[in-house]
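Q: using only what follows, build the 3D model:
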Amino acid sequence: MLLAPSDFFAGLRKGLKAKLPAGLRDFRTVRGRGRLMKVYFREPAFHYEAWHHTGAGRLEVGLHFEASPSENDEAFDFFRSRMVEVKAGLPRAELEPWDRGWSRLYETVPAARLDDEVLERAVDCLTAYVVALQPLLDEFMRRRDENS
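A: Have a look, this model is predicted:
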């Protein structure tokens, strides 16, 4: 069944909350304009994102670093040094610098349209990203805070 973006992202939030382990269910969400949702635990600048690229027919799922350029560089370096570990749990994940000095650790899944099948894949993919990456993100933030 075809889903409106608002219904798709509401379903993604609900599905994520249901699938995550109990210790990771206390997240916050921000709906961006149109076809975007951000999920974060501590700092909105370091967030998971689901973004429907309509023109490409893909749904991007990943962890975005959208803080200051220096913090983004530190996060990029931290995760780059752990890509073997990351790829063990997320084999399709790619780490790259991005727009405005930001970086992202992400993958895309086919999504010509938003429907129940894409929603199910998105919930599974976003859950896998949070489970695999949140302990590393917590470690990065702890180290960053200790050094500041």
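
Q: list the buried residues of stretch 112-122.
A: 114, 118, 119, 122 (16 or more other C-beta atoms under 10 Å). For every residue, glycine as well, the C-beta is placed using N, CA and C.

Q: which residues are contacting it?
A: Stretch 112-122 is contacted from outside by 1-5, 8, 11-12, 15, 35, 50, 52, 57, 59, 61, 109-111, using C-beta atoms under 8 Å, 6 or more residues apart in numbering.

Q: tell me where the protein has helices.
A: Applying DSSP state H to the chain gives helices spanning 5-19, 69-80, 83-89, 116-146.

Q: which one of those lies closest to residue 96?
A: Counting by C-beta to C-beta, residue 96 lies closest to helix 69-80 out of these; the figure is 8.7 Å.

Q: CA atoms only: put the closest one into CSV for me.
A: The C-alpha trace of helix 69-80 is given here as CSV (Å, rounded to 0.1, in the frame of the first residue of the first chain):
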residue,chain,number,x,y,z
PRO,A,69,33.6,21.3,11.0
SER,A,70,36.2,20.3,13.7
GLU,A,71,33.7,18.1,15.5
ASN,A,72,32.6,16.5,12.3
ASP,A,73,36.2,15.8,11.3
GLU,A,74,36.9,14.2,14.7
ALA,A,75,33.8,12.0,14.3
PHE,A,76,34.8,11.1,10.8
ASP,A,77,38.3,10.1,11.9
PHE,A,78,36.9,8.1,14.9
PHE,A,79,34.5,6.1,12.7
ARG,A,80,37.0,5.7,9.9
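
Q: packing partners for it?
A: strand 58-65, strand 94-97, strand 103-110, helix 116-146 (3 or more C-beta pairs under 8 Å, 6 or more residues apart in numbering; DSSP states H and E).

Q: residue 27: which of the ones you listed is closest?
A: Going by C-beta to C-beta, the one of the helices and strands packed on helix 69-80 nearest residue 27 is helix 116-146, 7.7 Å.

Q: ok and that closest one relative to helix 69-80, angle-wise?
A: 110 degrees (axes from the mean of the first three to the mean of the last three C-alpha atoms, to 10 degrees).

Q: what average pLDDT does helix 116-146 get?
A: The average pLDDT for helix 116-146 rounds to 96.

Q: distance of residue 75 relative to residue 89?
A: Using C-beta to C-beta, to the nearest Å, residue 75 is found at 18 Å from residue 89.

Q: that's all I had, so thanks and see you.
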